[in-house]
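>>> Generate a structure from the sequence data that follows.
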Amino acid sequence: MPLKPEQHFPVMCITQDNLPLTHVEQAEQLCEAGARWIQLRMKNAAPQTWIDTARAVVAVSRAHEAVCIINDSVEVALASEADGVHLGRLDLEWVEARRRLGPDRLLGGTVNDAIDVARVRAAGCLDYAGVGPLRFTTTKQILAPVLGQMGIRPLILGLIGLPVWVIGGIEPGDLRGVRAAGAAGVAVSSALFARGQLEGNFRAFLGAWNRSPSVEPFVISG
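Sure, this is the predicted structure:
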């Protein structure tokens, strides 16, 4: 399922544990606010609970014509018939993940440094990369070194030809610099749920992205 120019979702919305809203409710409210890319992130959930939740989130996403990907698990992505999976550096190797997913599902990978950029280029099988962390975030248990605006630029340049979503403590005010660096979008979690104003927060991110100066469009790989 290679990314297409008409399927450019600049704000990837990541669900979060330990909120008053369930993951399914988070997906419902995000989609109703206009989100069209949902990433289900569940940590330490029992396997069957994870799969059942993923199936429900996929159903919500499909009802709103939104893409749904699963964080960390190819097995859950396949069992729930999600649109794809996002894998970190400690998860399944990307080439093996692509073999198991087949060609029609999205595969994204986390990029923290130049070594990861080299891994992406060697693997040659990702649809997009998640570059970060831009700044400190509490949503990751093991956080890679913070990159900042200057740190993301060489990584995005090193991934030329592959669309990049920047992640890690993103705020609406960051989007001008992120877009100017050549990113295709941002992946956001905590800031979406701040102050219990999910719809307003999502719209703030989308509006900030749309107001930011555009750069040359990314080149679709694959």
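>>> pLDDT below threshold where in the chain?
1-8, 136-144, 215-222 (pLDDT under 70).
>>> Next one: Arg41 from Ile69, what distance?
10 Å (Cβ to Cβ, to the nearest Å). For every residue, glycine as well, the C-beta is placed using N, CA and C.
>>> err, Trp165, not the other one
For Trp165, the distance to Ile69 - Cβ to Cβ - is 11 Å.
>>> any shared contact partners between these two?
Residues touching both Trp165 and Ile69 (Cβ atoms under 8 Å, 6 or more residues apart in numbering): Gly108.
>>> before we move on, the earlier item: when Arg41 and Ile69 are compared, which one has more neighbours?
Set Arg41 next to Ile69 and count neighbours by other Cβ atoms under 10 Å: Ile69 wins out with 27 against 19.
>>> Look up which helix or strand the more buried one falls in, please.
strand 67-71 (DSSP states H and E).
>>> Give me the residues contacting that strand.
So strand 67-71 is contacted by 7, 9, 14, 27, 36-42, 54, 57-58, 60-62, 76-77, 80, 82-86, 106, 108 (Cβ under 8 Å, 6+ apart).
>>> just the buried members of these?
Listed as buried from the contacts of strand 67-71 are 9, 14, 27, 36-42, 54, 57-58, 60-61, 76-77, 80, 82-86, 106, 108; burial here means 16 or more other Cβ atoms under 10 Å.
>>> and Val24, how many neighbours?
Neighbour tally, Val24, other Cβ under 10 Å: 18.
>>> what do you get for Asp104?
Number of residues near Asp104 (other Cβ under 10 Å) recorded here: 9.
>>> isn't there a helix covering it?
No - read with DSSP: H, G, I helix; E, B strand; the rest coil, Asp104 is coil and lies in no helix.
>>> As a check, name the ranges of all strands in this protein.
Secondary structure of the chain (DSSP state E): strands located at 11-14, 37-40, 67-71, 84-87, 106-111, 128-131, 164-167, 185-188.
>>> got the buried residues for stretch 126-136?
Buried, per 16+ other Cβ under 10 Å, within stretch 126-136: 126-134.
>>> For those residues, give me TSV that also has distance to Leu147.
Shown next, in TSV, are the buried residues of stretch 126-136 (distance: Cβ to Cβ, whole Å):
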residue	distance to Leu147
Leu126	19
Asp127	22
Tyr128	17
Ala129	13
Gly130	12
Val131	8
Gly132	6
Pro133	6
Leu134	6
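>>> I am finished for the moment; much appreciated.
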